[in-house]
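> Next one to model:
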Amino acid sequence: MANYPSDDPPYGRRPRGEATSSANRWLPPLDDDGSQRGRTHPSDPQYGAGPRERITVTRAAAYRSREMGSRMYGLFHRAATADGADKSGLTALTYPVMANFAADSAMAVALANTLFFAAASGESKSKVALYLLITIAPFALIAPLIGPALDRLQHGRRVALAMSFGLRTVLAVVLIANYDGADGSFPSWVLYPCALGAMVLSKSFIVLRSAMTPRVLPPSIDLVRVNSRLTVFGLLGGTIVGGAIAAGVEFSLNMLHLPGALYVMVAVTVAGAVLAMRIPKWVEVTEGEVPTTLTYHGPTTQTPRPKGLKRRKAERQPLGRNIITSLWGNCTIKVMVGFLFLYPAFVAKSHDASGWEQLRILGLIGAAAAIGNFTGNFASARLKLGHPAQLVVRATVAVTLAALATAVTGNLLMAAVATLITSGASAVAKASLDASLQDDLPEESRASAFGRSESLLQLGWVAGGAMGVLIYTDLWVGFTAITAVLILGLAQTLVSYNGDSLIPGFGGNRPVVAHTEGGTLDASAAARG
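Next up, the predicted model:
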């Protein structure tokens, strides 16, 4: 493997606008031979010109459709391969990300009426508790283990990514085999375990993808724009296009009493497993990685290491102050995101509203979430994140104030505005966290940091989703409860930003850049120093 030269310091903050010859030492040389330039596209009228044929309305329509499809594919292909993404392996990772978003959308379409409404708050509290126990609580135990497991997974990350798709294929087949076409439902003993499994595997994919992203980073762009690009591709190609296809197939096959969306999910997950194995092999290289740790036991100010003093074995890399601040803020926002994912469904069902009224409530919240998410990712890819921790603090303040305003008004429209703000702020805050991870950590610790941070964010999502299931379904009651939690998270974020902590060891009472902890010192090097 060839290493790219870099003028950066060993690690520490770097001006964000500064171009680097390499941001990824694991990549082989990316030779730009320009072989694709100037090639005539098949949609070009001069390409493959043959004998003239009589033009009819049908032929003209077919030609225009083919031309439009070719242009759309060309636009997508150029965007997916821009900045050398095709040669670094980023394009190969983009396709499984889109497949994961599409699989989630297909599962949501297939189980919309059964899963989210089966244990609505209009039913007994015991059923709600059972729903929470089976579908939410277990993931709260699994999520913290995913990050450390990635640190120990020296090889087979592509296989693990493919398995997250393959196991979802099995779950979808099990659901199809137990589908009751007469009333369009599933047995509870099949539905809930499969729903849990699909959610855990989807979240595991996100964590795995985050740990692999630094290995496919093109030399010309940074991690912030790479993650924003992946999210935008996932939303457009997976959630919107994949969800629309799943909804269309579900509606078409529903007349035949078949779960159409689950068939789409089977096709998508099989394709995702194949695409995951086509990711370049250099994502498996783990030599020289230094695992990260959330706790810190060193001095609270940055002290330079004496010259000549080296460690023979670097054990743990503590996260710096800006990263810890960004983690607290992002986890706080993720609590709100998880709450908004489940709570509106229970509110819509519990008020004995008509089907159209329920659709209006969920449609308004869903549209606000989609617009905010897309806008936030689009904007974060173009922002100059010079002070990422400060942006996270502001985003957390905005989300908390939006939740407080909804609690005071108890209005559905205000809840939609809060959803819009939360989705946009979540995207900007996540991009800011990525910027802190890239700027304040040595390269050998970034993959571990991304995996661990994503595990924490998913755990925050689960906590918010649990609140959305348990809380009473009056808007002002639910948003009052979630606002109280957000205020606590905001307080910890603010004190961490100012270099203190409400929880010893897990706050900002540490330097911006922390030296590696543990390991053994090279005594001969120390003597020479």
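> Please count neighbours and contacts with C-alpha atoms only from this point.
OK.
> who touches stretch 241-248?
Stretch 241-248 has contacts (C-alpha atoms under 8 Å, 6 or more residues apart in numbering) with 101-103, 105-106, 109, 260-261, 264-265.
> Off-centre distance for that stretch?
How far stretch 241-248 lies from its chain's middle: 20 Å, per C-alpha atoms, centre = their mean, to the nearest Å.
> Could you do stretch 89-103 as well?
Going by C-alpha atoms, centre = their mean, where stretch 89-103 is centred and where its chain is centred differ by 12 Å.
> Next: stretch 469-479.
The answer for stretch 469-479 is 26 Å, by C-alpha atoms, centre = their mean.
> Could you do stretch 234-250 as well?
Its chain's C-alpha centre and that of stretch 234-250 lie 17 Å apart, by C-alpha atoms, centre = their mean.
> cool, and stretch 395-414?
24 Å.
> Which helix or which strand is home to the closest residue to residue 191 other than its chain neighbours?
Once flanking residues are discounted, residue 191 sits nearest to residue 175: 7.0 Å by C-alpha to C-alpha, 6 or more residues apart in numbering. In this structure, residue 175 sits in helix 157-177 according to DSSP states H and E.
> Can you give me the buried ones in that helix?
Of all the residues in helix 157-177, those buried under the rule 16 or more other C-alpha atoms under 10 Å are 157-158, 160-173, 175-176.
> now the helices: where do they sit in the stretch 151-300 of the chain?
Ranges of helices within the stretch 151-300 of the chain are 157-177, 188-212, 223-233, 243-254, 260-276, based on DSSP state H, counting those that start in this stretch.
> Tell me which of the ones you listed lies nearest to residue 491.
helix 223-233 (26.0 Å; C-alpha to C-alpha).
> Send me the closest one as CSV with only the CA atoms.
Written as CSV, here are the backbone C-alpha positions of helix 223-233 (Å, rounded to 0.1, in the frame of the first residue of the first chain):
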residue,chain,number,x,y,z
LEU,A,223,-14.9,13.5,6.3
VAL,A,224,-17.6,16.1,6.9
ARG,A,225,-18.5,16.4,3.2
VAL,A,226,-18.1,12.6,2.7
ASN,A,227,-20.7,11.9,5.5
SER,A,228,-23.0,14.6,4.2
ARG,A,229,-22.8,13.2,0.7
LEU,A,230,-23.6,9.7,1.9
THR,A,231,-26.6,10.9,3.8
VAL,A,232,-27.9,12.9,0.9
PHE,A,233,-27.5,9.9,-1.4
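> quick one on the thing from earlier: could you provide the helices of the stretch 151-300 of the chain in TSV, with additional columns for distance to residue 382 and mean pLDDT?
What follows is the helices of the stretch 151-300 of the chain, written out as TSV (distance: least, C-alpha to C-alpha, whole Å; pLDDT from 0 to 100):
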stretch	distance to residue 382	mean pLDDT
helix 157-177	29	90
helix 188-212	20	80
helix 223-233	8	80
helix 243-254	27	86
helix 260-276	28	92
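> Need the ones you listed in a markdown table (columns: distance to residue 479).
Below are the helices of the stretch 151-300 of the chain laid out as a markdown table (distance: least, C-alpha to C-alpha, whole Å):
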| stretch | distance to residue 479 |
| --- | --- |
| helix 157-177 | 34 |
| helix 188-212 | 25 |
| helix 223-233 | 28 |
| helix 243-254 | 29 |
| helix 260-276 | 33 |
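> Quick one: closest of those to residue 58.
Of those, nearest to residue 58 by C-alpha to C-alpha is helix 243-254, at 25.7 Å.
> hey, C-alpha coordinates of that closest one in CSV?
C-alpha atoms of helix 243-254 as CSV (Å, rounded to 0.1, in the frame of the first residue of the first chain):
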residue,chain,number,x,y,z
GLY,A,243,-39.7,4.2,-0.3
ALA,A,244,-41.8,5.2,-3.3
ILE,A,245,-41.2,2.0,-5.1
ALA,A,246,-42.0,0.0,-1.9
ALA,A,247,-45.2,1.9,-1.4
GLY,A,248,-46.2,1.4,-5.1
VAL,A,249,-45.5,-2.3,-5.0
GLU,A,250,-47.3,-2.6,-1.6
PHE,A,251,-50.4,-0.9,-3.0
SER,A,252,-50.3,-3.0,-6.2
LEU,A,253,-49.9,-6.4,-4.6
ASN,A,254,-52.3,-5.6,-1.7
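> Any buried residues in that helix, and which?
Neighbour counts over helix 243-254 (16+ other C-alpha under 10 Å) mark 243-247, 249-251 as buried.
> Now the residue nearest the centre of the chain: closest residue in space, sequence neighbours ignored.
For the chain, residue 206 is the residue whose C-alpha lies nearest the centre (C-alpha atoms, centre = their mean; 5.4 Å). What sits nearest to residue 206 in space, not counting adjacent residues and going by C-alpha to C-alpha, 6+ apart, is residue 454, at 7.4 Å.
> Give me the next element, helix or strand, following the host helix or strand of the one you found.
Assigned by DSSP H and E, residue 454 belongs to helix 443-470. The helix or strand immediately downstream of helix 443-470 is helix 475-497, counting by DSSP H and E.
> Residues in contact with that following helix: which ones?
With C-alpha under 8 Å, 6+ apart, helix 475-497 has contacts from 321-322, 324-326, 328-329, 331-333, 335-336, 339, 347, 389-390, 393, 396-397, 400, 403-404, 406-412, 464, 467-468, 471-472, 501-502, 507-509.
> Skipping adjacent residues, who's closest to residue 471 in space?
residue 478 (5.8 Å).
> and what of residue 201?
Using C-alpha to C-alpha, 6+ apart, the closest residue to residue 201 is residue 164 (5.3 Å).
> show me where pLDDT drops low in the stretch 251-400 of the chain?
In the predicted model of the stretch 251-400 of the chain, residues 285-289, 297-315, 349-358, 381, 385 satisfy pLDDT under 70.
> again, only this time at 80
Within the stretch 251-400 of the chain, the ranges that satisfy pLDDT under 80 run 254-255, 281-317, 342, 345-363, 377-386.
> the strands in it, which residues?
292-293, 317-318 (DSSP state E, counting those that start in this stretch).
> highest average neighbour count across these?
Mean neighbours per residue, mean count of other C-alpha atoms under 10 Å, is largest over these for strand 317-318, with a mean of 26.
> if I've got this straight, residue 97 is in a strand?
No. If the criterion is DSSP: H, G, I helix; E, B strand; the rest coil, then residue 97 is helix and not within a strand.
> Leaving out sequence neighbours, find the closest residue to it.
residue 234 (5.9 Å).
> Isn't that neighbour up against residue 98?
Yes. Residue 234 is in contact with residue 98 according to C-alpha atoms under 8 Å; the separation is 4.3 Å.
> Confirm for me that the residue nearest to residue 206 is in contact with residue 209.
No. Checked against C-alpha under 8 Å, the pair residue 454 and residue 209 is beyond contact range at 9.5 Å.
> Neighbour count: those two, which is higher?
Neighbour count, other C-alpha atoms under 10 Å: between residue 454 and residue 209, residue 454 has more, with 27 against 23.
> so how far is residue 207 from that one?
5 Å (C-alpha to C-alpha, to the nearest Å).
> Okay, domains of the chain per the record?
82-287, 293-303+314-515 (automatic domain parsing).
> what's the closest of the ones you listed to residue 72?
Nearest to residue 72, of those and by C-alpha to C-alpha, is domain 82-287 at 12.1 Å.
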